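A.B. asks: need a structure here:
(2 chains)
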Amino acid sequence: MHGFANPKRFLSLARWLTPLLLVSGLIVTAVALYWGITSVPPDRLMGETVRILFIHVPTAWLGMGGWSAIAICSLVFLVWRHPLAAIAARAAAVPGLVFTIICLATGSIWGRPTWGTWWVWDGRLTSMLVLAFLYLAYIALAQAAEREGVSPRIPAIFGLLGAVNIPIINRSVVWWNSLHQPPSITMGKSAIDVVFLQPLLLAVLGFSLIFGGVVLARMRALLADIQAEARLRRRALEAD
Amino acid sequence: MKAKHQRLILIVLVLIALIGAGLLASYALRNQASYFYLPEQMAENPPEPGQAVRLGGMVEPGSLEKQADGITVTFAVTGRENSRIPVRFAGILPDLFVEGSGVVAEGRLDASGTFIADNLLAKHDENYVPRELEGMSEHQAAEMAEETTVGLE
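C.D. replies: Numbers count the residues shown, from 1 in each chain, chains lettered A, B, ... in the order given. Model (predicted):
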């Protein structure tokens, strides 16, 4: 754990891990979506629209997983002061937001033919929209903290506080009556038939690999920014 | 005690307080944050006639009837307990609207206790099952046979 906190060692690892994760993620996702779209039978009630499942569910999980990563990294940063943890948290925000938006958009498209409406203000949909706004606020806060030279502890505290929403999203369909259906996949049990479940799990794996690859690529970019700035500052001092 | 241990304890305490606050808030919201009333909740605590509310539950099998004007349907919504609320709706039914499946009706109660719906939303359950019976367990297949024969007499 402490070994990877060293930016130099991290960079030498990320250099080959980033393209590996991205390429394998794209291949696995393409296979899973091709499988889900071409060779899975239609659902008994929803018919062909069931295929949105293979994008909607992985992006929903990763939208929530992205914030969980922000919260864990923020905790590590606040307690142990590892600078790399703050960078990891910042790097997870944009892909997390993108996946949350894809989840909301596919859910809306799915809701129209199945429920008969694009949007309702039930517990699950509202709490997921709140997550998208939390991501926007976090990204703005982290950027402002960097530009204005404010302590990076402020976005880290916000990342930790925002994690309260994650169990609310997860439990929203259990605690409150909602239009969104209750969870299909619970501890060791699935109400999703195996013909849908196999491509779904493969799609989850593929999207997760892409997510990991994007986070590593963004961490490398953020580190390169910091290095370039430090070098410029040093040169400016030498020139004086 | 090292500074990092102090920070860890402080953060853990803050998190516990925060999660507690979140749970209390969700508990306080348990009725207000619900998207609809179940029939038993509506029977126990009826809203004012004319007040806009949502009613959610199962469409009682065998209760769906088309009225003479051709666009009005009546059916009953049942909940977990033995409670049923009659519903009247004039308009286009959503594709997933079938007897024995979930529905959320937006509208109001009239003076006689009938729910007048302005809009119907179909509620999907957590089961995803292909149309073909192959590869199904006996229980599922029986359930499905029952579902596909609803309305056929």
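
A.B. asks: hmm, who's touching the helix or strand encompassing A:Gly159?
C.D. replies: Element membership of A:Gly159, judged by DSSP states H and E, is helix A:153-162. Residues from elsewhere that reach helix A:153-162 (CB atoms under 8 Å, 6 or more residues apart in numbering or on different chains): A:67, A:70-71, A:73-75, A:77-78, A:86, A:89-90, A:134, A:137-138, A:141-142, A:145, B:11, B:15, B:18. C-beta: built from backbone N, CA, C; applies to glycine.

A.B. asks: 6 Å instead, please
C.D. replies: A:Ile70, A:Ala71, A:Ser74, A:Phe77, A:Leu78, A:Ala89, A:Leu134, A:Tyr138, A:Leu141, A:Ala142, A:Ala145 (CB atoms under 6 Å, 6 or more residues apart in numbering or on different chains).

A.B. asks: chain B: which of the residues you listed is nearest?
C.D. replies: Proximity of the contacts of helix A:153-162 to chain B, judged by CB to the nearest CB, is greatest for A:Leu78, which lies at 5.9 Å.

A.B. asks: can you get me a residue count around the closest residue to the closest one other than its chain neighbours?
C.D. replies: Excluding its sequence neighbours, the residue lying closest to A:Leu78 (CB to CB, 6 or more residues apart in numbering or on different chains) is A:Ala156, at 5.3 Å. Neighbours of A:Ala156 under the rule other CB atoms under 10 Å in any protein chain shown: 26.

A.B. asks: do the same with A:Met128
C.D. replies: Residues near A:Met128, counting by other CB under 10 Å: 21.

A.B. asks: and the angle for the helix or strand hosting it with helix A:153-162?
C.D. replies: Using DSSP H and E, A:Met128 maps to helix A:123-147. Angle, helix A:123-147 to helix A:153-162, by axes from the mean of the first three to the mean of the last three CA atoms, to 10 degrees: 170 degrees.

A.B. asks: tell me the gap between helix A:123-147 and the middle of its chain.
C.D. replies: A distance of 12 Å separates the centroid of the chain from that of helix A:123-147, by CA atoms, centre = their mean, to the nearest Å.

A.B. asks: now do the helices in chain B.
C.D. replies: Taking DSSP state H, the helices of chain B run over residues B:3-28, B:39-44, B:138-148.

A.B. asks: show me what the residue most central in space within chain B is bridged to.
C.D. replies: In chain B, the residue lying closest to the centroid (CA atoms, centre = their mean) is B:Gly56, at 3.9 Å. When bridges are called by DSSP bridges, B:Gly56 pairs up with B:Val104.

A.B. asks: pLDDT score for it?
C.D. replies: What the model reports for B:Gly56 is a pLDDT of 89.

A.B. asks: ditto for the one 10 residues further on
C.D. replies: Here, the pLDDT recorded for B:Lys66 equals 86.

A.B. asks: number of residues surrounding the closest residue to it other than its chain neighbours?
C.D. replies: Excluding its sequence neighbours, the residue lying closest to B:Lys66 (CB to CB, 6+ apart) is B:Val73, at 5.6 Å. Close neighbours of B:Val73, defined as other CB under 10 Å, add up to 18.

A.B. asks: so which of the helices of chain B gets nearest A:Ser184?
C.D. replies: helix B:138-148 (14.2 Å; CB to CB).

A.B. asks: mean confidence for that closest one?
C.D. replies: Helix B:138-148 comes out at a mean pLDDT of 56.

A.B. asks: residues making contact with stretch B:67-83?
C.D. replies: Outside stretch B:67-83, the residues within contact range by CB under 6 Å, 6+ apart are B:38-40, B:43, B:55, B:57-60, B:63-66, B:84-90.
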